[in-house]
Structures are given as structure tokens and as C-alpha cells.
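K.L.:
Please find the sequence and the predicted model below.
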Protein chains: 4
Amino acid sequence: MTYTVAVSGASGYAGGEILRLLAAHPDIEIHTVTAHSNAGQPLIQHQPHLRSLAHLTLQDTTPEILAGHDIVFLALPHGQSGQYTDALGSVPLVIDAGADHRLTSKDSWDAFYGGEFHEPWAYGVPELLVNGAKQRESLRGAARIAAPGCNASTVSLSLAPGVAAGVIDPGDIVSVLAVGPSGAGKSLKTNLLGSEILGTANPYAVGGTHRHIPEIRQALAAASGADADGIRISFTPVLVPMSRGILATSTAPIVGDATDAQIREAWESAYAGETFVQLLPEGQVPRTADVLGANTALIGLAIDRAANRVTVVTAVDNLVKGTAGAAIQSMNIALGLPEARALSVNGVAP
Amino acid sequence: MTYTVAVSGASGYAGGEILRLLAAHPDIEIHTVTAHSNAGQPLIQHQPHLRSLAHLTLQDTTPEILAGHDIVFLALPHGQSGQYTDALGSVPLVIDAGADHRLTSKDSWDAFYGGEFHEPWAYGVPELLVNGAKQRESLRGAARIAAPGCNASTVSLSLAPGVAAGVIDPGDIVSVLAVGPSGAGKSLKTNLLGSEILGTANPYAVGGTHRHIPEIRQALAAASGADADGIRISFTPVLVPMSRGILATSTAPIVGDATDAQIREAWESAYAGETFVQLLPEGQVPRTADVLGANTALIGLAIDRAANRVTVVTAVDNLVKGTAGAAIQSMNIALGLPEARALSVNGVAP
Amino acid sequence: MTYTVAVSGASGYAGGEILRLLAAHPDIEIHTVTAHSNAGQPLIQHQPHLRSLAHLTLQDTTPEILAGHDIVFLALPHGQSGQYTDALGSVPLVIDAGADHRLTSKDSWDAFYGGEFHEPWAYGVPELLVNGAKQRESLRGAARIAAPGCNASTVSLSLAPGVAAGVIDPGDIVSVLAVGPSGAGKSLKTNLLGSEILGTANPYAVGGTHRHIPEIRQALAAASGADADGIRISFTPVLVPMSRGILATSTAPIVGDATDAQIREAWESAYAGETFVQLLPEGQVPRTADVLGANTALIGLAIDRAANRVTVVTAVDNLVKGTAGAAIQSMNIALGLPEARALSVNGVAP
Amino acid sequence: MTYTVAVSGASGYAGGEILRLLAAHPDIEIHTVTAHSNAGQPLIQHQPHLRSLAHLTLQDTTPEILAGHDIVFLALPHGQSGQYTDALGSVPLVIDAGADHRLTSKDSWDAFYGGEFHEPWAYGVPELLVNGAKQRESLRGAARIAAPGCNASTVSLSLAPGVAAGVIDPGDIVSVLAVGPSGAGKSLKTNLLGSEILGTANPYAVGGTHRHIPEIRQALAAASGADADGIRISFTPVLVPMSRGILATSTAPIVGDATDAQIREAWESAYAGETFVQLLPEGQVPRTADVLGANTALIGLAIDRAANRVTVVTAVDNLVKGTAGAAIQSMNIALGLPEARALSVNGVAP
């Protein structure tokens, strides 16, 4: 069976990556691509790397045009997906790459986003621990899926095993992320110009204001079975001169008398058998180059007894495992297809 | 009066930067440049950007060749500077850009470096708080100066004000640094190749093994007047694709009931009147581009009540304020020259 | 049917890319990977992005170990492949990614390479015009294939249509290439260090000394049916700070009274129907980002009447269409498999 | 004597670089900085690297505010400088970093720019050969100066010596330039976003449409004493991922029986004694890193007998020697100050 697909936001980075992956998916037929101001133009004008889709023209993003497909991907700025919820009621599977359906707490939504609150959908991070099970279970047969925030899922995957096992204290997490500018989208902002990005490291949203913070707290609370109030995180993203990638360095205090073996076992058992989330052998740490273009999250774990902290370094491609790959992987699960279909575990390096 | 100078390690990055700054110093005459394997070759072959020094030829690095100058700069791998100490006894001012004379604790030296321990010299970070005074005092008239480790001085300057004022807890510091590869020198290692550095973030020395850790603990202990045992730091450097620069994100728990005003006042008072260490206004954070080529450390301070941590983001040019600029600034102080001579407060951007 | 494969030089960049592509090839089983100094180590230590090949260990590069496979890839420095020719006599298909079997002229070999001359093999650029046909014909059923030089094939594909059609004069070609450092391999040379590559453009082999020059002249002579003596090219490569990619700007004088339509028609007809070599519509030029990770060569063509020159700008990924992709595409042709199998036409961008 | 200065366009890249250089100039007092949409904001908000100018506030760009200074710098988009000409009649020295006063030919202006034509001013490339003399002569005591186009001056300096000496044929020049995006200014365009610039080479204005072409033809015509009609150039700029820098590769046919010695002598004699334009020794080529932040143009010359072309590779910092440094150097000459004052010959590398 082949599923027909529409992708909105198709002229942007997230939409483009969804299309790149879908173009290689044997069960998918890309019918419709939509945009806002770029509607009417050839897709290839905005995504010149998608040669196999050169025949597609961007249409308007309207409920009418999106409806009538088996699957609809929404790659829109937050606050815009929600309005399509009702209109797309007859679409069997809708996957939102935006933030509108990620948070379960209206208070958190109000504090970090604002505007109308929308109900949470199944969260598209299959490998995430949730109350002793995996998030994957919620995705089987799901009709509505929220792809994760790229930074959020990276940090959540980094720490959930230790939190769930009770070997690290989620009450004093510190995460600092080196991130590429593609995560900010194709926005025309001065601080995203090449001249401002090249040769420099540029922190932003410093001091607890980044919108992915409540998403991390929600995920780690679910992993631990505790309340999100007990999850506290100092979170600082730093733009660095690479187009893609997140290298998240996260640390948390070691709990009580957890041994090195117990700590390592928490991560090993959490991700044993997972294709796309891999714990590296002791002493190894990942680079973002290793996962470029891949749906893989690579995790390096170090135990720093002098600092009494566990340090977890995780590399993902923000546009793949962080966004589009998570969406496709979740789609595969929802449809009952092989989970890894059309997704690569190997990065493009150097 | 003009001082004659010899610079060893002149074909490397630190040596090259010392020469770049000295070449613009009106009180300095660069007499001698030395190297090891590159001796006998023109300096310009190894430092093609130093056009004004094209007449110099690299000589052997020997005590005899270095002696007989007013000032000698040692830009050598750690473990090599110490051997020149005795031989350069008659040189009025020796400044070591290496690690051999930074640490006061033989135990720390043994644990992180190994090999012969050498006595500590005056530490070349003038703005650093030391027991209620500034490190600057120890540099006036000094005959032997140890330039700091670039990462170490960046983190120490970031946190010393809060530690000294007692508003942050130095017992649970977390620092993550985005650093350019020039800090690693011209070493021929696979992981430093351009193909391995471009487009990727690459952590190293994860888990408490980086050699600058004891230097930070020593400096913060001196700032607080306490023992280094009470200073604990989780320290992770991440190589990112910029040739120069350190962007250090450091956090520490807020102590007790310190108010926002008290916290900010700690940094404001510490660096009021300093030319080269500047606290940015509330809500602002620095980029490394802002200090490229400059001797400036720019500090952004955020108070994260949700995480109960202060976040300090500091940008320096690792080769200037982190190494060569610190050396020249300390030299100026030692000689009684204007402290800022030949040093720029303005960066080269974009 | 599944073919067994051995890849030598598997710890290098070309070898790694061959493996990345083969790992996704349904007809190939990667049996053996070999190296020189790295033999005995896990492949994943040197190719940490090739997660699906983490089970492989690097063996010694010897004729004995390479023999006994259906296909052997040689990704060795030039001068080293030749020695395996005899020893691999029983291997049905050998593909050399090095230079040893590319040149038909011993004089050119002596002038640009030196050392023993080896007989030329089928040249792995299927789309290249050769005496009115395509190079593809020579690859069908071939047992020995020479993958092209990355810069050479890029320039040859750029200009062959115009040369073959007689609309440009091959006697005064000028090509300037922006190239990423991965083309130079994992060599430990100072000028390839990240600090030397970041933030700078760095020309090399200026003035007619680059080894790919005779390869271009040979290919364009074959395209035109004329002698290589009549092909003259000023060729300058410039290293720029991107890990992968070649952006070749090539110009040649317009011949006589060739009209714009005639000129454009030369390229259009040459590449009509080709999957991996695409002429962009008038007014468009390619970026290397558009072909990153892809086997695609994108060609932009402009006719500059004021300068009386045609300008052809071509983008390829040096490791894919320039090397490993060319090798796999040629292998597919030789084996009678679908030519595009395991090769992507879409790039990874941004 | 101290000269008062006003700089318009002070929130842009060219304006920022003029300010960076002027801030270190002992004879200059920066009184006024102006902008358009950013007027009313602190300069430091837009130029966070100019710490020594943190006290300045951006004012409106009006003739009234600019007038009343000894020197006015115009760093405005082309077409905007001209309108100030009359209004600034009483200002002793006006230096335009824009294009409005560069071209002597109204036809060229109409063809490449359009809009009102303005009279040409003294051209700010002191080292350029003009009818057997140097452009420097026209700048002594000049009241109105046009700083050059960055690409134009780079190519003109590259080839003028050979054209003037008659050893190369200016009728078939080919220039390809690797350029950093800062040359395009702080414009909010999608193709200038960091995500579009990182990891890719991106040609533009291909096929003879770049606006610097008539400027080059004019300069080389002046160098040769011939008409601009005889100067033909194929000119292609390629954006590469470095914030600053131009690496221009220019070739031209060797004329008749010019010997290697005659060719080399043309460049040697042209630039003998020049501080800021330096011919490298035979066999050497420059990198843009060598001139970052410096006012230096480094020229490498190769003679390619097989191609019958001279290849000239020239590196400049587009914002310094290409724009702001050229402006300051010209100012120094106009005012009778030492020509090199406040300008560095040494680059910032790595």
C-alpha cells in the first residue's frame, strides 16, 4: 500500500528535511507541498537539493488543500498548527513538527509560548522511557503525533535513563548545547546571517527562557514517574558555525552511593536493542559529524567523581533525529511499517 | 627605553600571537625568534601573516640564544619551560606561556601533568580577585610570570566575583566551553584536521580530565580565600568550527537568599574600571566574534531562579586574552608601562 | 545475487565513503575492510559515523586478504594500487579509486606522477562524452575500473559537451575550483589543520602543476575526438572551509558564430535523460550544499558575450560523484544492476 | 591637530570597520555616527565588538548632522551617497565607501547601476598604476575620495602591473573570486543566512553581470593607457564560508615572447617599496587568513607556459584593504599624514 502525503511549510528547513526523507520512502507518495508567501513557486527554487522533487509546485497552505491525503505533515511556526486540527479531522494521520501539541501543561504553554493551548498528541520520541515503558507504545496506531523539539528530545534522551533508574538527581541538571543555526529556521534575522554565524560562538536564551525547557521537564518527569516540579534544569544553547547538529553536554548530580556500574547500566539497559539511540563504549564521546543526515542519537557517558556528576554528551542532527527523522520514525510506527524504513543510521562524514 | 625580546616557540600559534602583539608595541624590539624543528627557516614561512617580521630567521631554542635579552617569552609545550629556569637566571623578565609555573600544588601537578614540578610564578591574570585584592598586584615589578591557561582564566574570571562575594556556591560548578582548535596548537593530530573540525562539534577531555581544572580550582580558591578542596567543577570543552575563541558557559548554585541585586553587584564591583574585563548590561550576552584579536573578556550574567543557578557566559580570544594578550598585559604591568599598551579592546568583526 | 566486497584504505575518507554507500546497497555484502597502520583496530574507531559497520575490524592490506571477493575497491595513495593488479587477477571486478589506472599517456604519467606506469582501465565517469558516445559504454561488463579524480571529472563533465559540439575552444580553458579539504585525505599536514582551514581561502598547486590536469586534457580530447595537445587549461584549486564539495568555475572562448541556442543545446542534449548530471535552467547556478552526500553533478551555464566566453559552474560532492559515488555507479553498470542503485540524487541541505 | 569625523552607515559592516580603524587613529576624533532605521540606538548594540565606542549613539543620517565635521565617511548603499554631495559642500574631506563616485563612464553606470550619474572622485587605491604613475598622486590633498569596490580593487591590483608593462593581454582576462559574505553587507536575504553559507560554495552574478566589472575595466584601462573597450574580463565571484576575505584568482594570456623574468619584473617594479601591496616570492601564494584585519594585499604570481597564461592569486580583507582600510589610507594621504597610520600590515591568524 502507498500512502499519499501532504507537507506544509515545504519551503522551510524542517519541511525540506521531511521531504528529503520521504522522497526515499518506498511506501510514500508525496502529493502536495504547501507554503505561505512562496506558494505558486516551484519547490526546487526553495529546496534546490531535492532534485527528485523538481516537478512539485508549492501550493497555498489551506485546510482544503491539505485535507484528502492519508498523511499530513505540519511544519509551521508554533501557534499555526493548532488551527488546522479541526479542519484536518478526516485525515487519518497528522504529524506536527511544531510545538503546538507537545506540552501537557497549559501553565507551561502559557509561560513559555502563550496563545491558545492545544491538547497534547503522542510524543514522537519512540526510545524515551515513560513510566517503565517506552514512548514507542503510545505511537503504535496513533492518529496524531507531535514531533519533538530538537533540543528537548536531545536532552531528554540524554538523561531519562539515569533519572528513571534513580542514579542521578533531576533537581539540578545543567545542559549546554552547541547548536547549528538551521534549528532556527529560514528566518530573516540579523543574528542568523552568515557573517554573524561564521567564526563565532553565540549564546542565546540564556538564563532559563528557552521554550524547550518545559518540554524537557515534562519528558524527564514522565521518565521518573515523578512530578515536573522536581525537575530543574539550567539550559543554555550556543549557536556555533555548523549548519546542522546539536551537541548537548548535560550533567546531573550522582545520587547517593550509586556505583559506576549501576550508573552505566541505567543507560545500557535503556537503549539496548535500539537502532537509533546508541550508547558509546566507555571513554568515547560523539561528534555531530557522526550523525549528520542520520536519524541516530549517539550518547557518551562519563562519571566524574571529583565533581560528583554524571556528564552525558549526546550528538544528533537537529533536522533528522531532532525533527524530520523523529517524525518519519513515528510515522513508521503509527502505520505499522518497519520503524527504520527510509532512515539511515549512518552519518555523512567528514 | 626599548626592551629587547626573544620569543621561543615562534613558529607555533601562541608564539605567533605574542609576536603579532609585540610587533605593534612601541617599547619592544624583537631581537630573536626560536623554534625546534623549524630552526633555520624564515619566520615568515611559518607565520605568513606577520609581514612586518619577514626579516627574522628562526634560531635554535637554546638557553644561550635566549639569554642576553631583557625579556624572554617561552611558548613551549608544558614540561619544557622548566629546564630553562636556571639557564635564564640573568634575564630580567621571563614570561612562560606554558603550564610549568602555574600550579602551586605539587599534588595537582602530579595528577594532571606529571614530570618535574616547578615553582609557581606570578599568575598573569591581572583582573582576577585574590583575597580581596587583584592579581595585578603580584605582577608589578615581577621578574617571572606564568601566563594562564586559556580555558582556565576564562572560567576563573567568569566566577571569581561570585565566589569572592559568597553569592554562588563553588562546590558545584558546571562549565561547558565552545573552543576553537587553535588552542590545541599546531599539533599534527587526526582529530585536528580541517575535515574533522569543519561542520561538527567535538567534545574532548570529558569527565574531569582536562588539565585546566586544577588551575581553575586554585584561582577560585584564591578568590574566596578558602581551600581548593571546596571548589568542585564539572568541566567539558567542545571543539567547534571557529579558528579562535572560547565561549564559556559556567553555572553555579545561588547561595542562600542572595538577591538579584547582590549577585549582579558582585560582578559589577569586581570589574568596575577594568578595561579588558567587562560585564555586559543585564540581558546581554557576548559572542566570541566580539573579542577576536582583542584582549577583552566580555561577561554576560543571568540569574536563573527556576534552576537556582547563576549562569555566566564569557567570551575571550584564546590566543589573546587567553594567552598572548595576558602575557603582554602582564609584561606591561611588570615593567611599569601603561597596562593596555599594544593591546586592543576592540574585536575584529564580523 | 549478493556480491562480496573488500575495501582497502577503509580508514581513510575515500574508503569510508565507499563503505557508507555500499552499506545501503542491497546487492552488496561488505566482507572485508583493510588498512595499513590502522590494521587490527575496529573500523568504527576510524569511521565513527558508520554505525551499521561497527562489527568490522580493519585487516592488513595484502593481496591475499583482498583476493577471494567478487569485488575489490582500492582506495590507496597513487602508486600503491598498481602493485595489486597481478595479485588480484582472479577477482572478477576491481575498482581503483586512486590515479594509477586513469591516464592513457605514459608521458603524462611521468610528468605529473612518476614511478611505474600502469595500463589504463575503464574510466568511471559514465556520463562523459567520448567520441560521440558515452563513457558508460566502456563500463558495461568491465572487470577493471578506474574511478576518476574528483577535480578532473568535475571539470571534464563541465566542458565536454561544449568541446564535443565545437561551440567552445578547448585551447584556452580556465578553471578555478573551490574545494573542501577532504579531497586531500586524512594526511597529517600542517596546511590541512583545522586552524589553517577555518576562515580562510587557500590556493595550492597554482600555475599548472596539479595532477588532475592531464586527466582533464585526456577526457576533453576524447570528447572532441582531437588530440590532447590541443587542450590547454589554466587550473587553480582553492581550499575553502567546507569539509566536502567542489565548485568548479570553468570558462572557455566561444567559437566563431555559435549562437546562444546552439551553445545551450550542446549541454542540454549531452545530459538529457541523465539522472546524476543535470543542467540547471537558464539563469541558475548550483551550490555545493545542493549535492552534499549525493551522486549528483549540477551544472549552471552562462554565456558572457562581453567576455566572449562561456562560463560553466559545476557543483559535486568530491567524495561521492567525485570518487565513491562514481565508483559505485560504475560498479552498478559493470554488474548490470540499475545504475542509480544505492545512490541518491538529492543532497543533504542545509 | 585632531580631525573631527562623522561616519554614516555606522551600523553596517563597512561603517563598523571604518570605525574600528578610526578608533585607533591618533589624529581622529569620532564625533558622530549615523544610521537609518537604527538611529536612536546605541552604536554598541549593532557593533558589539567596538567596546571603545560604547558611548556613541546612532543619529539620523541627514546632511545637517553630517555637516560641520572635518571629515565625513559615507558608508551607504549605492545611489544614496550622491544626494549628499551638494549638502556636504562645506566639509573639507568626504570619503564615499559606496559606488556613486567611482565610475568615469556614464554608460557603464547606466548599464550596471542605473539611476542618477555622479561625477567621479579621486579613486582610493593608492598603489594602482595610472599612466605610468600611481593613483596615490591623485589622492594628495584630495577633498573628495571614492573608496574602491572590494572585488574590483583586488583584481585591478592583481593585473595592473602586467597590463601596464604589456606582458599580459587584457583582452581575455578570467577572474574567479572566493569571497566572504560580509562583502554583501548586513542585508536580510535568504541566501546570506548562516544555514545557506555554512559548508557550501555559492556562486553569484555569473556570466558578466557583477557591478565591479566596469570598475576593473576602467582601472586596467588607466593602467595601460588604453581604452576600456580593449579590456575584457570573465568575472565570477563565489561565496565561501569565511566571514571576511577575498581570494582572487586571475589569469590573462602571456603576450608574445615575454620572458619569465620580464613578467615577474613587471609586478616587482610596480610594488617595490609599497607597504600594503606585496608580491610574494616565486612559488608562494597567499591565504586570506594572512591578511585578516590587515590593510595588506598579498600577491602570488605563477607563469603557466603550458596554458600560456599568467596566474595571479591575490588575498585581501574585503572590509579593510577592500573598503575601510583603503578609505583610511586614502584619508591619510589626503591629509598629509603618514600613509600607514592606524593601519596594520600584519594579519590576525590563525
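P.N.:
Right, received. Where do you want to start? Numbers count the residues shown, from 1 in each chain, chains lettered A, B, ... in the order given.
K.L.:
and the longest helix anywhere in chain A, is it in reach of chain C?
P.N.:
Of all the segments assigned as helix in chain A under DSSP state H, the longest by residue count is helix A:150-165. No. Residues of helix A:150-165 are not located near chain C by C-beta under 8 Å from any C-beta of the partner chain, the shortest gap being 14.1 Å. Placement of C-beta: from N, CA and C, glycine included.
K.L.:
which other helices and strands contact that helix?
P.N.:
Using 3 or more C-beta pairs under 8 Å, 6 or more residues apart in numbering or on different chains; DSSP states H and E, the elements in contact with helix A:150-165 are strand A:129-130, strand A:173-179, helix A:213-224, strand A:233-239, strand A:246-253, helix A:260-271, strand A:297-304, strand A:309-316.
K.L.:
between those, which gets nearest to residue D:33?
P.N.:
Residue D:33 sits nearest to strand A:233-239 of all these, at 27.2 Å, using C-beta to C-beta.
K.L.:
now what about that closest one, what contacts it?
P.N.:
Identification of contacts with strand A:233-239 by C-beta atoms under 8 Å, 6 or more residues apart in numbering or on different chains yields A:151, A:155, A:173-181, A:184, A:197, A:201-206, A:208, A:210, A:212-213, A:216-217, B:174, B:176, B:178, B:247, B:249, B:251, B:304, B:307, B:309, B:311, B:313, D:194.
K.L.:
got it, and stretch A:110-124?
P.N.:
Outside stretch A:110-124, the residues touching it (C-beta under 8 Å, 6+ apart) are A:78-79, A:81-82, A:85, A:95-96, A:99-104, A:106, A:109, A:135, A:138-139, A:142, A:144-148, A:211, A:213-214, A:219, A:326-327, A:329-330, A:334.
K.L.:
Buried members of those into ChimeraX, please.
P.N.:
Selection of buried members from the contacts of stretch A:110-124 for ChimeraX, criterion 16 or more other C-beta atoms under 10 Å in any protein chain shown:
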select /A:78,81,82,85,95,96,99,100,101,102,103,104,109,135,138,139,142,144,145,146,147,148,211,213,214,219,326,327,329,330,334
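K.L.:
picking up where we left off before, so which of the helices and strands packed on helix A:150-165 is nearest residue B:283?
P.N.:
Each of the helices and strands packed on helix A:150-165 has some distance to residue B:283 by C-beta to C-beta; the shortest is strand A:233-239, at 14.5 Å.
K.L.:
Which one of the helices and strands packed on helix A:150-165 lies nearest to residue D:159?
P.N.:
strand A:233-239 (39.7 Å).
K.L.:
For the closest one, give the mean pLDDT please.
P.N.:
In this model, strand A:233-239 has a mean pLDDT of 98.
K.L.:
Kindly report the same for stretch A:142-158.
P.N.:
Stretch A:142-158 shows a mean pLDDT of 98.
K.L.:
Kindly report the same for stretch A:280-291.
P.N.:
98.
K.L.:
how about that stretch against chain C, any contact?
P.N.:
Yes. Legend: contact between stretch A:280-291 and chain C by C-beta under 8 Å from any C-beta is shown at A:286, A:287, A:289, A:290, A:291.
K.L.:
how about the residues of chain A near chain C?
P.N.:
A:13, A:16, A:20, A:23-24, A:47-53, A:182, A:198-199, A:243-244, A:278, A:286-287, A:289-294, A:296, A:298, A:344-350.
K.L.:
I'd like to know how many residues surround residue A:205.
P.N.:
16 (other C-beta atoms under 10 Å in any protein chain shown).
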